[in-house]
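*Asks:* Sequence plus predicted model, see below.
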Amino acid sequence: MAAMNDLMRIVRINENIKTVVTQARRINLLALNAILLSRRAGKLALGFGVISDELRTFSKDLTTTMRVLMTLSYGSVAIVSQFQRYSHVNYILQTTEKASHHQLVRQRLAFSNKKLAELETGLNKVYQDLARYIDDAETAGRFGSVIARSLKIEATYGGGFHQILAQIATEFSYYIDSIPGILQQIQGYLKRNSLR
Amino acid sequence: MKRAFTIYQNGEHIWRVIARDPERPDFLIDTNEYLISYKEKSILTDPGGIEIFPSVFAAISAAANPENISALFASHQDPDIISSLSLWLEFNPDLPCYVPWLWAGFIPHFGGNKNTFIPIPDEGMPINLNGLELRAIPAHYLHSSGNLNLYDATAKILFSGDIGAALLPADDTQMFVQDFDKVIKHAEGFHRRWMGSEPAKRDWCERVSKLDIDMMCPQHGAIFQGADVQRFIHWFDELKIGVMKKG
Ligand SMILES: [Fe+2]
Ligand SMILES: [Fe+2]
């Protein structure tokens, strides 16, 4: 397999973001479930109810962050594929320049280099934004883990609802625990990203 | 920018159209690309021109993982069909590309090496997409002298390439044909002038009218559905082609 190219790298970032978005959606559904359930459990699971409200806020925030990340990553796929197109032109111009030294070719090459530099600047900005929102998501993820632990503890006080609450708590930690690894992968791709 | 829309889905069997781009500059003819997916693997039909590669690629990435594209399918040799080839190959150098055998020596001018191309014989052939059988069927001289359609018998969808193409006005962004008579007006000039062979057209109409087709998906314009498919075949059969307008 050839060395990973820029387009492949941004595709991997994009796919990872999509995975986290899917997890965020599941967490959202689960949070809704938890709230409904703790309402039914009433006095038996007061603690669970309080935490599941937090859970709901958390998953809303996570969804918002992920939505921004989706938009950013969509934008960067577009920029990198533009970049690819211009690099291609550049390559052809460079080869031509070597063979002909024609002034017009040199001019075109200068123009194309300028275009590439512009795209690179734009992309770096998007990558910085991406890195920042990934940081946000990581912080949110840590907060999520805390909630997950509290949920597990509270579930034990759920009386007759104990079993189902414990199940929700387990499922929630399962989703939340899958997130940090994916986010770290994205950070890794972002760090290695330099267009030339 | 372009966007991907799902036009057919049955479990893991999906057809998506990368539909026309409302922001496209008007000197470029607008194109539809189709991403056929089966159990995670996909074939991209007529990937398009080099100019629109960024917007096609971004639109696909938003909907599916472009790493799962296992092959490209080029119905013929035109630049709006396959001039983006070199950029697709930069993304994935091992990507194979199905082409009509007639153009197997010409399309490499857009990129690729000796392992890139899978030539399809004149009579067409089955194409295996991760266990789903698609069929490349002949549509020669319509308009290109080496030209293929791609038929999915399971989804009952025919990718018809330039056949059925309508050059719709920029503000007409309908994805499916809503008013047959209106759309066909924008298809008539194109079919008369571009399509070159009366016997080839007869033969195509004869064969395709016998296929079970719910959707006929052209590379330009809107998608024909239901009764409009047979209506189109009938219209095309009657149309006098290979003629130039005088004056
Ligand atoms: Fe064509
Ligand atoms: Fe075309």
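*Replies:* Received it, and whenever you're ready, just let me know what you need. Ligands and ions are numbered 1, 2, ... in the order given.
*Asks:* Using the three-state scheme, assign the residue of chain A at minimum distance from ligand 2.
*Replies:* In chain A, the residue that lies nearest ligand 2 is A:Arg85 (20.0 Å; C-beta to the ion). Using the backbone N, CA and C atoms, a C-beta is placed for each residue, glycine as well. At A:Arg85 the chain is in helix, as set by DSSP: H, G, I helix; E, B strand; the rest coil.
*Asks:* what's the answer for B:Gly196, then?
*Replies:* B:Gly196 - assigned by three-state DSSP - is coil.
*Asks:* Which parts of chain B are strands?
*Replies:* B:4-10, B:13-18, B:33-38, B:41-45, B:69-73, B:97-100, B:117-120, B:125-129, B:132-138, B:148-152, B:157-161, B:215-218, B:224-225 (DSSP state E).
*Asks:* Of those, which is nearest chain A?
*Replies:* Nearest of the strands of chain B to chain A, taken as C-beta to the nearest C-beta: strand B:69-73 at 10.5 Å.
*Asks:* Listing partners with orientation, what would you give for the closest one?
*Replies:* strand B:41-45 (parallel), strand B:97-100 (parallel) (DSSP bridges).
*Asks:* Turn the strands of chain B into JSON lines, columns for mean pLDDT, mean neighbour count and distance to ligand 2.
*Replies:* JSON lines is the format used below for those (pLDDT from 0 to 100; neighbours: other C-beta atoms under 10 Å in any protein chain shown; distance: least, C-beta to the ion, whole Å):
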{"stretch": "strand B:4-10", "mean pLDDT": "97", "mean neighbour count": "15", "distance to ligand 2": "19"}
{"stretch": "strand B:13-18", "mean pLDDT": "98", "mean neighbour count": "22", "distance to ligand 2": "14"}
{"stretch": "strand B:33-38", "mean pLDDT": "98", "mean neighbour count": "25", "distance to ligand 2": "11"}
{"stretch": "strand B:41-45", "mean pLDDT": "98", "mean neighbour count": "24", "distance to ligand 2": "12"}
{"stretch": "strand B:69-73", "mean pLDDT": "98", "mean neighbour count": "22", "distance to ligand 2": "14"}
{"stretch": "strand B:97-100", "mean pLDDT": "98", "mean neighbour count": "25", "distance to ligand 2": "14"}
{"stretch": "strand B:117-120", "mean pLDDT": "98", "mean neighbour count": "20", "distance to ligand 2": "18"}
{"stretch": "strand B:125-129", "mean pLDDT": "98", "mean neighbour count": "15", "distance to ligand 2": "20"}
{"stretch": "strand B:132-138", "mean pLDDT": "98", "mean neighbour count": "19", "distance to ligand 2": "17"}
{"stretch": "strand B:148-152", "mean pLDDT": "98", "mean neighbour count": "26", "distance to ligand 2": "13"}
{"stretch": "strand B:157-161", "mean pLDDT": "98", "mean neighbour count": "26", "distance to ligand 2": "7"}
{"stretch": "strand B:215-218", "mean pLDDT": "98", "mean neighbour count": "24", "distance to ligand 2": "9"}
{"stretch": "strand B:224-225", "mean pLDDT": "98", "mean neighbour count": "22", "distance to ligand 2": "16"}
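*Asks:* Mind putting those strands into a markdown table with distance to A:Arg56?
*Replies:* Output for those, formatted as a markdown table (distance: least, C-beta to C-beta, whole Å):
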| stretch | distance to A:Arg56 |
| --- | --- |
| strand B:4-10 | 30 |
| strand B:13-18 | 33 |
| strand B:33-38 | 34 |
| strand B:41-45 | 37 |
| strand B:69-73 | 38 |
| strand B:97-100 | 49 |
| strand B:117-120 | 52 |
| strand B:125-129 | 42 |
| strand B:132-138 | 41 |
| strand B:148-152 | 43 |
| strand B:157-161 | 42 |
| strand B:215-218 | 42 |
| strand B:224-225 | 42 |
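*Asks:* Serialize those to JSON lines and add fields for distance to ligand 1.
*Replies:* Formatted as JSON lines, those follow (distance: least, C-beta to the ion, whole Å):
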{"stretch": "strand B:4-10", "distance to ligand 1": "22"}
{"stretch": "strand B:13-18", "distance to ligand 1": "17"}
{"stretch": "strand B:33-38", "distance to ligand 1": "14"}
{"stretch": "strand B:41-45", "distance to ligand 1": "13"}
{"stretch": "strand B:69-73", "distance to ligand 1": "14"}
{"stretch": "strand B:97-100", "distance to ligand 1": "12"}
{"stretch": "strand B:117-120", "distance to ligand 1": "16"}
{"stretch": "strand B:125-129", "distance to ligand 1": "20"}
{"stretch": "strand B:132-138", "distance to ligand 1": "16"}
{"stretch": "strand B:148-152", "distance to ligand 1": "12"}
{"stretch": "strand B:157-161", "distance to ligand 1": "7"}
{"stretch": "strand B:215-218", "distance to ligand 1": "11"}
{"stretch": "strand B:224-225", "distance to ligand 1": "18"}
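*Asks:* Okay, the closest residue to ligand 1 within chain A and chain B: tell me how far apart.
*Replies:* As assessed by C-beta to the ion, ligand 1 sits closest to A:Arg85 within chain A, at 21.4 Å. Distance of A:Arg85 to chain B, computed by C-beta to the nearest C-beta, to the nearest Å: 6 Å.
*Asks:* For that residue, which residues are in contact?
*Replies:* Residues near A:Arg85 by C-beta atoms under 8 Å, 6 or more residues apart in numbering or on different chains: B:50-51, B:53-54, B:87.
*Asks:* Of those, which is the nearest to chain A?
*Replies:* Distances from chain A to the contacts of A:Arg85, taken by C-beta to the nearest C-beta, are shortest for B:Pro54, at 3.8 Å.
*Asks:* how about the nearest residue to that closest one, chain neighbours excluded?
*Replies:* A:Ser81 (3.8 Å; C-beta to C-beta, 6 or more residues apart in numbering or on different chains).
*Asks:* mind checking which helix or strand the one you found is in?
*Replies:* helix A:46-100 (DSSP states H and E).
*Asks:* quick check: angle from the helix or strand following that helix to helix A:46-100?
*Replies:* Where DSSP H and E defines the elements, the next helix or strand beyond helix A:46-100 is helix A:103-155. In terms of direction (axes from the mean of the first three to the mean of the last three C-alpha atoms, to 10 degrees), helix A:103-155 departs from helix A:46-100 by 170 degrees.
*Asks:* Can you tell me how far the residue of chain A closest to ligand 1 is from A:Thr156?
*Replies:* 59 Å (C-beta to C-beta, to the nearest Å).
*Asks:* Compare the strands of chain B and give me the one nearest A:Leu190.
*Replies:* strand B:69-73 (23.9 Å; C-beta to C-beta).
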